[in-house]
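J.: Structure for this input, please:
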Amino acid sequence: MPSTKKHIVIIGGGIGGLATAILLAKQGRDVSLYEQLDDLGGKARQFTVDGFRFDMGPSWYLMPKVFEHFYTLIGEDIHKHIKLTRLSPAYKVFFEKNHPIIISGNLTQDAKTFDAVEPGAGKKLEKYIQKAGTTYHTAIDSFLYTNFNAVHKFVQPQILKSGPFMARVATQSIDSYVSSYFQDNRLKQIMEYPMVFLGASPYNAPALYHLMSYMDFEEGVFYPEGGIYSVIESLIKIAKKYGVKLHTNKPVNRIIVEDGKATGIELSNTVIPADIVISNADLHFTETRLLPTQYQSYPEGYWQKRTAGPSALLFYMGIKGSLPQLEHHNLYFSDDWHKNFTDIFDNKTWPRPASMYICKPSATDTSVAPKNHENVFILVPLPAKDMTKSEQNTLTKQYFNQFKQLINEPGLDKRIVYQKTYSPRDFTTDYNAWEGSALGLSHTLKQSALFRPRNKSKKVKNLYYVGGNTIPGVGLPMCLISAELIVKHLSHDKTITPLGTLPEIK
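T.: Numbering: from 1, shown residues only. All right, here's what the predicted structure looks like:
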């Protein structure tokens, strides 16, 4: 007899799509996932060439408890899937005119480092992190695992107690907040840089995100053996275990809507019926390209009034010999911090010089590069706009020269055995990314928390969204939480805390 289970179709195989598929399949639902690329993982994909293994996007493993919670929820022991190393030091920071600063990931040691830069800053760092920890735990317990569909749930003693402070950090820019603690520009940059990974500027991101520093200085920065893609590989394995039907190289042309209800998807040459459709594709693409105008909750006019997070120029390099001056994670900050962000978000011009992030995973994992070679990944945040091939060639040379000067390796060109660049246009081609952004919607005050696009269509029944452009936001941990929020919707669960167990299908 045919199955009576509802068929759920998921569009897109990024971490949000995979995690949603696993949760729903674990509940006993019939789940099929369709990905347009040849491989799964979305922006967390990986490629190998000439003995090098490159993570293509995310490289910071933060919020380990969120990962642990997800695996526990699906009945898996995360430690049997992922082997983590806590990085020490956590990262190294380079500056234009000053000596580098090492952040150890040990608050006591880092407080001493801050004191050496600015007398008295050590105690201020400890106070800052203590408050960041309070905000972090309040967010986990009350704000991240919610669909914001039960206002009365927020009227709780612990939330009301923290209300005045939370209201302050929700309405003040993080630059203003950080400046109330530290005066030295280098220390302020260290406390504000996480905004880049949220697709925001510290001048318009709410101070609520000071919680990011709690992860750096208290929880720690980790590395999963084999790279971030080992997480994706684990999820793929689990998805297959629970019966998810994974389809790659299957771009979706449209979401079929009948009488205001999602009834399936259309591929190039076939229609896939569905009782529920969940899109992990770029939200702008989903709304403006996959849905008819009358069914768009977030039409083009909505996006014209929103701020995109930055795009990026990425370098993947295999280098002969060692680069001992680099740690696993490295950051370079230009002196004119404000201009750097103004160029990216306001002027939409290529920054010169550019701040950049440099990852050398071969510092921790010998499997990502051949013996006596380094694996180096560079990310240069850029405006979210198209880049011509000529501009890409010019900027590649310019930023590579900046990198050589930074690490004092004038002859580095001769040591490169492999190099590939990835531009804003590639983000559009591979991920249908809105404005070529690497991160989607910026986490400004008006685009954070309950002001972020909701994960349930306002106009189409049984259509949901998962991933970085919806609640709770950008990043691998947030996408795992986003998947859990879909389960809450389908289970009519209005709680604001993480699920203890997967609810039974109603």
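J.: Extract the C-alpha set from stretch 407-427 and format it as CSV.
T.: C-alpha atoms of stretch 407-427 as CSV (Å, rounded to 0.1, in the frame of the first residue of the first chain):
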residue,chain,number,x,y,z
ILE,A,407,53.8,38.4,6.5
ASN,A,408,57.0,39.7,5.1
GLU,A,409,57.3,37.1,2.3
PRO,A,410,58.2,39.1,-0.8
GLY,A,411,59.1,35.9,-2.7
LEU,A,412,55.9,34.0,-1.9
ASP,A,413,54.7,33.9,-5.5
LYS,A,414,57.4,31.4,-6.3
ARG,A,415,56.2,29.0,-3.5
ILE,A,416,52.6,28.8,-4.6
VAL,A,417,51.8,25.4,-6.1
TYR,A,418,48.0,25.9,-6.3
GLN,A,419,45.8,29.0,-6.3
LYS,A,420,42.1,29.6,-6.9
THR,A,421,40.0,32.7,-6.3
TYR,A,422,36.3,32.9,-5.7
SER,A,423,34.4,36.2,-6.3
PRO,A,424,31.0,37.8,-5.6
ARG,A,425,29.9,36.6,-9.0
ASP,A,426,30.6,33.0,-7.9
PHE,A,427,28.4,33.5,-4.9
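J.: Check what contacts it and list those residues.
T.: 49-50, 52, 54, 56, 311-321, 323, 325-326, 373, 382, 384-387, 392, 396, 403-404, 433, 436-438 (Cβ atoms under 8 Å, 6 or more residues apart in numbering). Yep, even glycine has a C-beta here, placed from its N, CA and C like the rest.
J.: Name all residues that make contact with the spatially closest residue to residue 250 that is not a sequence neighbour.
T.: Sequence neighbours aside, residue 34 is the residue nearest to residue 250 in space, at 4.4 Å (criterion: Cβ to Cβ, 6 or more residues apart in numbering). By Cβ under 8 Å, 6+ apart, the contact list for residue 34 reads 9, 10, 11, 12, 13, 247, 250, 252, 265, 267, 272.
J.: Counting neighbours, which of those end up buried?
T.: 9, 10, 11, 12, 13, 247, 250, 252, 265, 272 (16 or more other Cβ atoms under 10 Å).
J.: Now the first one: phi and psi?
T.: Which is residue 9. Here is the backbone geometry of residue 9 (degrees, to the nearest 10): phi -110, psi 130.
J.: Skipping adjacent residues, who's closest to it in space?
T.: Using Cβ to Cβ, 6+ apart and skipping the chain neighbours, the partner closest in space to residue 9 is residue 274 (3.9 Å).
J.: Go ahead and confirm that neighbour touches residue 262.
T.: Yes: with contact defined as Cβ atoms under 8 Å, residue 274 reaches residue 262; the gap is 6.8 Å.
J.: What's opposite the residue nearest to residue 250 in the beta bridge?
T.: Taking DSSP bridges as the rule, residue 34 bridges to residue 11, residue 247.
J.: Of the contacts of stretch 407-427, just the buried ones, ChimeraX syntax please.
T.: Those of the contacts of stretch 407-427 that count as buried under 16+ other Cβ under 10 Å are selected in ChimeraX with:
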select :52,54,56,311,312,313,314,315,316,317,318,319,323,326,373,382,384,387,392,396,403,433,436,437,438
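J.: still on that earlier bit, with the contacts of residue 34 in mind, which one is nearest to residue 21?
T.: For the contacts of residue 34, the minimum distance to residue 21 (Cβ to Cβ) is 5.4 Å, reached by residue 10.
J.: burial measure for residue 493, as a count.
T.: By the criterion of other Cβ atoms under 10 Å, residue 493 has 17 neighbours.
J.: got the contact list for the closest residue to it other than its chain neighbours?
T.: Closest residue to residue 493 apart from its sequence neighbours, by Cβ to Cβ, 6+ apart: residue 503 at 6.1 Å. Contact analysis of residue 503 by Cβ under 8 Å, 6+ apart lists 27, 487, 491, 493.
J.: From residue 383, how far out is the residue nearest to residue 250?
T.: The span separating residue 34 from residue 383 equals 32 Å under the rule Cβ to Cβ, to the nearest Å.
J.: cool, and residue 50?
T.: For residue 50 relative to residue 383 (Cβ to Cβ), the value is 32 Å.
J.: where in the protein is pLDDT low?
T.: Where the chain drops to pLDDT under 70, the residues are 1-4, 150-164.
J.: Export the longest helix belonging to it to PDB, keeping only CA atoms.
T.: Using DSSP state H, we find that the single longest helix of the chain is helix 121-142. What follows is helix 121-142, C-alpha atoms only, in PDB (Å, rounded to 0.1, in the frame of the first residue of the first chain):
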ATOM      1  CA  ALA A 121      41.900  47.100  30.200                       C
ATOM      2  CA  GLY A 122      42.300  43.600  31.600                       C
ATOM      3  CA  LYS A 123      39.700  44.200  34.400                       C
ATOM      4  CA  LYS A 124      37.500  45.800  31.800                       C
ATOM      5  CA  LEU A 125      37.800  42.800  29.500                       C
ATOM      6  CA  GLU A 126      36.800  40.500  32.400                       C
ATOM      7  CA  LYS A 127      33.700  42.600  33.100                       C
ATOM      8  CA  TYR A 128      32.900  42.800  29.400                       C
ATOM      9  CA  ILE A 129      33.100  39.000  29.000                       C
ATOM     10  CA  GLN A 130      31.000  38.500  32.200                       C
ATOM     11  CA  LYS A 131      28.200  40.600  30.800                       C
ATOM     12  CA  ALA A 132      28.600  39.000  27.300                       C
ATOM     13  CA  GLY A 133      28.200  35.600  29.000                       C
ATOM     14  CA  THR A 134      24.900  36.800  30.600                       C
ATOM     15  CA  THR A 135      23.600  38.000  27.300                       C
ATOM     16  CA  TYR A 136      24.800  34.800  25.600                       C
ATOM     17  CA  HIS A 137      23.000  32.500  28.000                       C
ATOM     18  CA  THR A 138      19.900  34.700  28.000                       C
ATOM     19  CA  ALA A 139      19.800  34.500  24.200                       C
ATOM     20  CA  ILE A 140      20.200  30.700  24.200                       C
ATOM     21  CA  ASP A 141      17.500  30.200  26.900                       C
ATOM     22  CA  SER A 142      15.000  32.800  25.700                       C
END
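J.: what separates that helix from the chain centre, distance-wise?
T.: Relative to the centre of its chain, helix 121-142 is centred 21 Å away, using Cα atoms, centre = their mean, to the nearest Å.
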